[in-house]
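Novice: A structural model of the following input is requested.
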Amino acid sequence: MSGTPPSHVYYPERTQENPGTTTPATTTAALNESGTPISNENATTTPYTSMHQYRINRITDVAFEMVGKVIGPAPIDDFLDYLPRPSNGNLAGIKDSAKKFKNIDKAGSEIATYPILIQAITPLCPELEFVDVHSYSAADFYGKEVKPDIGVYSKYCERSGIMDIKKIEMIWEVKYSPEDDPFEADDDEAFQRETDDAILTLSEITTYATAHQAAQFRNHIFSALVFPTYARLLRWDRSGITVMGSISLSDPKFSEFFWRYNYASEAQRGWDTSVDTDPRLLDDYAREIRMKLRLRESTPLARMSLGPGKGDYLIGNPTYIGTTSLTGRSTRTFKAWCEKMYTPMFLKDTWRIYSPSYIPEHETYAKLKQANVPNIATCTEAGDILDHITRTPENVNKTWVKSQPNGMRTFRHYRLVLREIGRDLFSFVSTKELVTAMRDAVAAHRHAFYDAGILHRDISAGNILITSLGRGLLIDWDVSRSTNVDALVTEQAERVGTWYFMAARLLHASQDGTIPTQDRVDDLESFFHVIAWVALRATAHSLALEELPEFIFQTFEAWHLDKEGVFRGGRSKMDLLLSLSTHVSFGNEPLSHLMVTMARSLAVRYAEPITRQELDNYNGCMAIPDDQLPKKTLKYHPVTLRQARLANLEREDWLQGVFDEALLLDGWDVNGRPVPHQIVNRRLSFTERRKTQEEDMVEEEDTMEEDTVEEDTVEEDTVEENTVEEDTVEEDTVEEDTVEEDTVEEDTVEEDTVEEDTVEEDTVEEDTVEEDTVEEDTVEEDTVEEDTVEEDTVEEDTVEEDTVEEDTVEEDTVEEDTVEEDTVEEDTVEEDTVEEDTVEEDTVEEDTVEDTVEEEDTVEEEDTVAEEEEDSVEISNQV
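Specialist: Below you'll find the model as predicted:
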């Protein structure tokens with residue numbers, strides 16, 4: 001995108017400067033009986049396996065995903081060359097058709113233009129059918145309605161209705177106002193426009209193109225964007241978009257393009273001819289194949305070829321499809337029936353990065369097998385498919401290109417077959433099986449790096465499978481890289497992998513916009529994000545369901561564009577590593593222990609550096625003889641801990657050892673079953689999101705003005721009304737202070753004699769409640785000493801909620817709305833003597849509970865270490 005990116009960037013990451021808005025996270029993938037994610041025929045995906053470098057699984061407003069992926073304006077003649085000039089056909093009809101487009105601008109409305117457009121173009125294209133589909137929509141595509149204006153079909157296809165996204169050849173989007181054009185006039189210095197209307201249109205047509213390619217086996221597609229007096233033709237592939245310059249509707253070359261398309265072959269139109277989707281396929285033994293692959297009877301079958309001399313495979317619906325973004329590898333996987341071997345296998349259909357820096361995945365598997373790397377799959381065959389390669393990058397250096405593409409890649413169509421068929425991570429039957437599979441993947445990663453010299457670089461939930469024996473496999477090595485020093489030096493740093501699970505430092509980028517080179521520890525951090533992501537979505541934990549979508553989104557998905565046009569994120573991931581237990585606690589204790597242990601060492605990458613004072617203190621401790629210094633003083637000193645954790649990250653066996661240690665712990669059966677959290681997602685459009693931001697800002701201002709706390713009334717022997725000042729409402733903290741008073745005098749103090757009072761319930765201190773469950777505390781018996789209060793002042797309380805109900809205290813007994821089963825022993829208050837004109841109050845000092853209640857089910861070990869660290873610091877300071 002030329003110029004400065006819009007300030008209202010879609011789904012910005014929440015920061016202190018940018019508080020953001022509440023946005024639900026992605027929906028939980030549907031699971032079939034075996035736990036495998038299932039897809040409908042119009043292509044869906046499991047979000048945890050999104051593969052594209054910037055794939056956020058948000059199709060609405062995908063215009064921002066297309067930054068640096070748009071090339072234009074292509075000259076008309078150059079664009080026509082995408083389709084050959086047919087030797088047959090009615091050339092004379094082109095001029096006649098062009099004349100019929102002249103009156104489009106006089107139609108009066110957008111809908112009124114549809115029949116005029118269809119009638120003008122139909123005579124030129126005897127093999128195509130142009131249909132008004134504006135009243136019909138395809139299946140929902142990730143919260144975005146796919147509802148174009150005109151659909152183009154082959155007259156020979158068997159479509160299921162007016163709008164059949166699986167059969168459509170081309171989509172026309174019609175706009176009646178030129179203000180909706182996402183591209184500038186051809187003579188303008190810039191090419192892409194940045195107005196709201198322009199961004200909405202680009203988002204809309206990109207969504208349609210993405211849904212179009214996801215629903216079919218396609219190498220590329222064409223579409224048309226039509227205005228009353230002119231139009232733009234577009235070609236889409238996995239690298240990006242080539243946009244033709246504006247052309248008058250009455251220009252014969254506009255009609256000529258569709259005339260050429262009519263006579264083009266299926267391959268020239270963009271169909272993948274290596275896949276046979278004939279519905280009559282395998283009539284004789286289709287039922288047998290479906291039973292072998294455990295498919296429903298209604299599942300359509302297709303034959304997919306790996307090319308001449310290689311095998312053919314029968315497939316059903318994909319088990320995973322990663323085409324939620326227009327560009328990228330667009331991976332799909334299938335349970336496939338090998339006709340040659342007569343056995344089921346795992347087939348991966350993808351677009352690999354076509355570059356000398358990347359070797360085909362099957363060659364990587366060969367190197368891994370040669371080095372005896374454990375826990376990897378067996379590749380039986382693979383290869384590039386026909387001449388399928390993206391052509392958009394061919395135009396990058398053309399003289400007519402106005403906006404320089406940013407890191408546009410070339411992709412090559414590729415298929416690979418594996419012998420093993422595994423289950424995805426969400427199909428785990430227990431948390432111990434989940435951790436076991438993760439442990440095996442960690443071992444594969446370790447041996448691949450140290451024994452085969454290969455760094456995986458795409459650790460994600462979709463790239464770890466669970467076998468029938470409950471063990472793990474690490475797959476998808478297509479963006480792996482040799483650890484050879486020369487290879488790394490010549491490589492330009494870039495982001496690869498899955499955004500959800502990439503290390504925070506890679507997403508955050510440098511101040512100058514450069515991306516750090518991905519290393520081994522980045523992959524280790526990705527393992528933490530994978531297990532955290534799965535555990536949050538499918539195990540017992542302390543987060544409430546209404547909090548979970550926003551927490552997942554902000555931690556794993558949030559991103560924003562900086563002023564240099566660089567995608568940034570990762571702040572919330574850093575925060576999760578630095579303070580895991582303050583955000584969430586997990587119900588399964590061994591799992592919680594594992595994650596806390598991982599986070600402690602990984603967080604050292606983002607922790608504040610050691611201060612000069614801490615370093616001087618450490619050096620002072622080191623100078624003291626060992627027999628004069630308590631052992632734990634150095635053991636838990638901040639400098640010692642930092643050095644130890646940095647050393648962990650350098651150890652070859654550290655992470656695998658952490659998993660092995662956790663698997664030996666007791667308690668895996670407690671809260672060890674999967675708990676799928678059904679997260680309802682509502683995706684906001686660009687306009688809705690901006691409106692929501694504005695409404696939230698207004699609501700925040702109103703809330704700050706209106707939040708008040710109602711008066712507390714205390715009734716006693718000689719007590720008149722007590723006035724309580726308005727409480728300030730802050731977020732995330734709830735501590736209700738209970739003040740018991742024996743005698744209150746207001747305005748006029750009368751002489752009273754206060755006899756000995758016995759307070760049965762002295763104080764009830766409510767613990768800060770982070771989540772749904774709070775452990776019971778027992779507060780030991782305290783002796784409350786006498787205090788003197790000159791005036792009747794009730795200190796302000798910090799309350800999380802907007803309103804506090806009235807509390808009524810009668811006869812020295814405090815009744816509270818919410819008390820989490822705290823047992824308070826009876827305290828004895830010494831006799832108070834009140835002299836004339838002086839009222840002395842008995843106030844109860846709050847008891848300090850030495851062991852504050854942790855968030856739910858947080859491992860006890862963390863508290864112990866924290867206390868020891870505090871003791872160490874105190875001793876160090878004394879030294």
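Novice: so Ala339 sits right up against Tyr313, yeah?
Specialist: Not quite, residue 339 is Glu, not Ala. Yes - shown here, Glu339 and Tyr313 form a contact pair, counting by CB atoms under 8 Å, at 7.0 Å. From N, CA and C alone the C-beta is placed, and that goes for glycine too.
Novice: neighbour count winner among the two?
Specialist: More crowded of Glu339 and Tyr313, by other CB atoms under 10 Å: Tyr313, with 24 against 13.
Novice: wait, a helix at that one?
Specialist: No - assessed with DSSP: H, G, I helix; E, B strand; the rest coil, Tyr313 is strand; it does not lie in a helix.
Novice: could you pull out the strands for the stretch 451-600 of the chain?
Specialist: Per DSSP state E, counting those that start in this stretch, the stretch 451-600 of the chain carries strands over the ranges 454-455, 464-466, 472-474, 481-482, 560-561, 567-568.
Novice: of those, which is nearest Pro344?
Specialist: strand 464-466 (14.7 Å; CB to CB).
Novice: report the mean confidence score over the closest one.
Specialist: Mean pLDDT, computed over strand 464-466, is 95.
Novice: ok, now stretch 637-657?
Specialist: 93.
Novice: do the same with stretch 150-164
Specialist: Here the average pLDDT along stretch 150-164 is 93.
Novice: quick one: end-to-end length of that stretch, please.
Specialist: 12 Å (CA to CA, to the nearest Å).
Novice: show residues contacting that stretch.
Specialist: Residues from elsewhere that reach stretch 150-164 (CB atoms under 8 Å, 6 or more residues apart in numbering): 114, 117-118, 126-138, 147-148, 166-172, 174, 279.
Novice: is it true that Thr674 touches Leu425?
Specialist: Slight slip there: residue 674 is Pro, not Thr. No - under the criterion of CB under 8 Å, Pro674 is not in contact with Leu425, lying 10.4 Å apart.
Novice: who's more crowded, these two?
Specialist: Counted by other CB under 10 Å, Pro674 and Leu425 do not tie: Leu425 has more neighbours, with 28 against 19.
Novice: name the nearest residue to Tyr176, ignoring sequence neighbours.
Specialist: Excluding the flanking residues, the one nearest Tyr176 by CB to CB, 6 or more residues apart in numbering is Glu110, at 4.0 Å.
Novice: where are the low-confidence patches of the stretch 501-650 of the chain?
Specialist: 509-513, 564-565, 631-632 (pLDDT under 70).
Novice: and the helices in it?
Specialist: With DSSP state H, counting those that start in this stretch as the criterion, the stretch 501-650 of the chain has helices at 504-508, 520-538, 548-552, 571-578, 580-583, 589-602, 612-623, 631-635, 638-650.
Novice: could those go into CSV alongside distance to Asp186 and mean neighbour count?
Specialist: Converted to CSV, the helices of the stretch 501-650 of the chain look like this (distance: least, CB to CB, whole Å; neighbours: other CB atoms under 10 Å):
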stretch, distance to Asp186, mean neighbour count
helix 504-508, 37, 21
helix 520-538, 44, 23
helix 548-552, 44, 20
helix 571-578, 41, 21
helix 580-583, 52, 20
helix 589-602, 51, 23
helix 612-623, 61, 13
helix 631-635, 71, 15
helix 638-650, 54, 15
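Novice: could you dump the ones you listed to CSV with distance to Cys379?
Specialist: CSV is the format used below for those (distance: least, CB to CB, whole Å):
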stretch, distance to Cys379
helix 504-508, 28
helix 520-538, 21
helix 548-552, 34
helix 571-578, 33
helix 580-583, 37
helix 589-602, 31
helix 612-623, 51
helix 631-635, 48
helix 638-650, 31
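Novice: of those helices, which approaches Ala190 most closely?
Specialist: Nearest of the helices of the stretch 501-650 of the chain (CB to CB): helix 504-508, 28.5 Å.
Novice: contact partners of that closest one?
Specialist: With CB under 8 Å, 6+ apart, helix 504-508 has contacts from 495, 499, 515-516, 518, 522, 525, 559, 567-571, 573-574, 577, 605-606.
Novice: next: stretch 69-87.
Specialist: Residues from elsewhere that reach stretch 69-87 (CB under 8 Å, 6+ apart): 1, 183, 186, 191-192, 222, 233, 235, 239-247, 251, 253, 256-257, 259-261, 263-264, 268, 326-327, 391-392, 395-396, 398, 400-403, 405, 408.
Novice: span of that stretch from start to end?
Specialist: Stretch 69-87 end-to-end distance (CA to CA) = 34 Å.
Novice: one more: stretch 155-167?
Specialist: 11 Å.
Novice: mind listing what's buried along that stretch?
Specialist: 159, 163-167 (16 or more other CB atoms under 10 Å).
Novice: and those residues as CSV, adding distance to Gln613 and secondary structure?
Specialist: CSV is the format used below for those (distance: CB to CB, whole Å; DSSP: H, G, I helix; E, B strand; the rest coil):
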residue, distance to Gln613, secondary structure
Arg159, 74, coil
Met163, 69, coil
Asp164, 71, coil
Ile165, 65, coil
Lys166, 67, coil
Lys167, 71, coil
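Novice: circling back to that earlier point, isn't the residue nearest to Tyr176 right up against Asp180?
Specialist: No - using CB under 8 Å, Glu110 makes no contact with Asp180, being 9.9 Å away.
Novice: more neighbours: those two, which one.
Specialist: Asp180 (20 against 17).
Novice: tell me how far that one lies from Val146.
Specialist: 18 Å (CB to CB, to the nearest Å).
Novice: please report how far Val604 lies from Ala267.
Specialist: Taking CB to CB, one finds Val604 at 54 Å from Ala267.
Novice: again with Phe258
Specialist: When Phe258 is compared with Ala267 (using CB to CB), they lie 18 Å apart.
Novice: tally of neighbours for the residue found closest to Ser482 once you drop the neighbours it is linked to in the chain?
Specialist: For Ser482, ignoring the flanking residues on the chain, the nearest one in space by CB to CB, 6+ apart is Gly453 at 5.8 Å. Gly453 has 14 neighbours, counted by other CB under 10 Å.
Novice: what about stretch 101-120, how long is it end to end?
Specialist: 6 Å.
Novice: so for that stretch, what gets flagged as buried?
Specialist: 101, 104, 107, 110, 113-114, 116-118, 120.
Novice: what mean pLDDT would you report for it?
Specialist: For stretch 101-120, the per-residue pLDDT averages 88.
Novice: please name the nearest non-neighbouring residue to Thr122.
Specialist: Phe130 (5.6 Å).
Novice: quick check: beta-bridge partners of that neighbour?
Specialist: Counting by DSSP bridges, Phe130 is bridged to Val152.
Novice: buried ones in stretch 295-306?
Specialist: 295, 300-306.
Novice: show me the contacts for the residue nearest to Ala302 when sequence neighbours are not counted.
Specialist: Closest residue in space to Ala302, ignoring its immediate chain neighbours: Thr277 at 4.7 Å, by CB to CB, 6+ apart. Counting by CB under 8 Å, 6+ apart, Thr277 touches 217, 300, 302.
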